[in-house]
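Enquirer: Below is the sequence, then the predicted model.
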Amino acid sequence: MKGDAITDTHATNMSVAYSDLDCSMLNNPGDCTENNTPFIPHTKDNYMFASNITNPCIPSFTPKQGERMIEKIEQNPLNRFTDASTTLESLFEPFDVKDITGDVIISVTPIDFETAEVCRNILRLHRFQPGFNYTFTNTYAPDPSFAGIDDLPEIKHNTYLFGVTINQINPNCEIIIPVICTRGQICEIEPYVGGKLFTSENLGSTNYSYYELTETELNNPNFIEQLENNKYHLIKKETESGAMYQVTIYKN
């Protein structure tokens, strides 16, 4: 605490050095305000005890440090921080929301022998501020609250409302984020990267030949003309993202 009166942060001296290997104190010059009383080791608790913010011993700001910063912004007599200030409520809201391609394939339409149009469902991506302990409820997305505090929390799989809690502010306060259920699809042109050919004399027969298509054969516009006559051919082509297009033809 000492001179800055931040109760959850140990007093420090900028001349104190710490090991980057195990965060132990390398020297202890003492507190000049209390007759050189040695400092209590206070590693691994906050950004403010050292000037080197890349030190691995400094994981985050403490809650009281956050409160002090908010107080300084609000009480600044010259009003310098007005344009940069925000409300606590805004931290619960995503700073970026956009539609992204989902995992469900709606359709695969061949454009030519080299490419296909792959259409997938639309999901909505929500991104939240790093630096806070978020907890998200009512979502099938991977829970970002288990990620590091400096990671960018992202909710990708929601098509319905979900809850947001910031433990550093109030672990009992949950804000509900409404999600507009966007109907539709996102379509992209993708190249073929692989393919297989199944050939048999009778449709549905378990007696068939199997052949792995080369890149040259995948992109050959005369490929079908070169297939065997009087047989059924099941052609499967895989696009860059893993979508599969297949067609069965009878060559006579």
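Expert: That came through, no problem.
Enquirer: Count the neighbours of residue 62 for me.
Expert: Other residues near residue 62 come to 19 when the count uses other Cβ atoms under 10 Å. All C-beta atoms are positioned from the backbone trio N, CA, C, and that covers glycine.
Enquirer: With residue 120 as the reference, measure out to it.
Expert: As judged by Cβ to Cβ, to the nearest Å, residue 62 and residue 120 stand 43 Å apart.
Enquirer: just residue 131 next, same as before
Expert: Separation of residue 131 from residue 120 (Cβ to Cβ): 33 Å.
Enquirer: quick one: low-confidence ranges for the stretch 1-150 of the chain?
Expert: Under the criterion pLDDT under 70, the flagged ranges of the stretch 1-150 of the chain are 1-4, 10-61, 77-86, 140-150.
Enquirer: for residue 247, helix, strand, or coil?
Expert: Secondary structure state of residue 247, per DSSP: H, G, I helix; E, B strand; the rest coil, is strand.
Enquirer: which residues pair with the closest residue to residue 248 other than its chain neighbours across the strands?
Expert: Excluding its sequence neighbours, the residue lying closest to residue 248 (Cβ to Cβ, 6 or more residues apart in numbering) is residue 234, at 4.9 Å. Here residue 234 sits in beta bridges with residue 198, residue 248, as judged by DSSP bridges.
Enquirer: Contact partners for residue 234?
Expert: Contact partners of residue 234, counting by Cβ atoms under 8 Å, 6 or more residues apart in numbering, are 197, 198, 199, 246, 247, 248.
Enquirer: Tell me who's in contact with the first one.
Expert: Which is residue 197. Counting by Cβ under 8 Å, 6+ apart, residue 197 touches 210, 211, 212, 213, 233, 234, 235, 236.
Enquirer: and if we set it to 10 Å?
Expert: Neighbour list for residue 197: 208-213, 217, 223, 227, 233-237 [criterion: Cβ atoms under 10 Å, 6 or more residues apart in numbering].
Enquirer: out of these, which are buried?
Expert: Using 16 or more other Cβ atoms under 10 Å as the burial test, those include 208, 213, 223, 233, 234, 235, 237 as buried.
Enquirer: Go through the residues you listed and say which is closest to residue 107.
Expert: Set against residue 107, the nearest of the buried ones among the contacts of residue 197 by Cβ to Cβ is residue 237 (14.3 Å).
Enquirer: In the protein, mark out all the helices, start to finish.
Expert: With helices called from DSSP state H, the chain shows them at 63-75, 88-91, 215-218.
Enquirer: Of all those, which one is nearest residue 99?
Expert: Comparison of these against residue 99 by Cβ to Cβ identifies helix 88-91 as nearest, at 22.0 Å.
Enquirer: other SSEs contacting the closest one?
Expert: When contacts are defined as 3 or more Cβ pairs under 10 Å, 6 or more residues apart in numbering; DSSP states H and E, helix 88-91 sits against strand 162-166.
Enquirer: helices and strands around the strand it packs on, which ones?
Expert: Applying 3+ Cβ pairs under 10 Å, 6+ apart, we find strand 162-166 packed against helix 88-91, strand 134-137, strand 175-177.
Enquirer: neighbouring strands for the last one, and are they parallel or not?
Expert: Spelled out, it's strand 175-177. Applying DSSP bridges, strand 175-177 is found paired with strand 162-166 (antiparallel).
Enquirer: Could I have the CA atoms of the strand it pairs with written out in PDB?
Expert: Extracted in PDB, the C-alpha atoms of strand 162-166 (Å, rounded to 0.1, in the frame of the first residue of the first chain):
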ATOM      1  CA  PHE A 162     -25.700 -15.100 -24.200                       C
ATOM      2  CA  GLY A 163     -24.600 -13.800 -20.900                       C
ATOM      3  CA  VAL A 164     -21.500 -11.800 -20.000                       C
ATOM      4  CA  THR A 165     -19.900 -11.400 -16.600                       C
ATOM      5  CA  ILE A 166     -16.600  -9.600 -15.700                       C
END
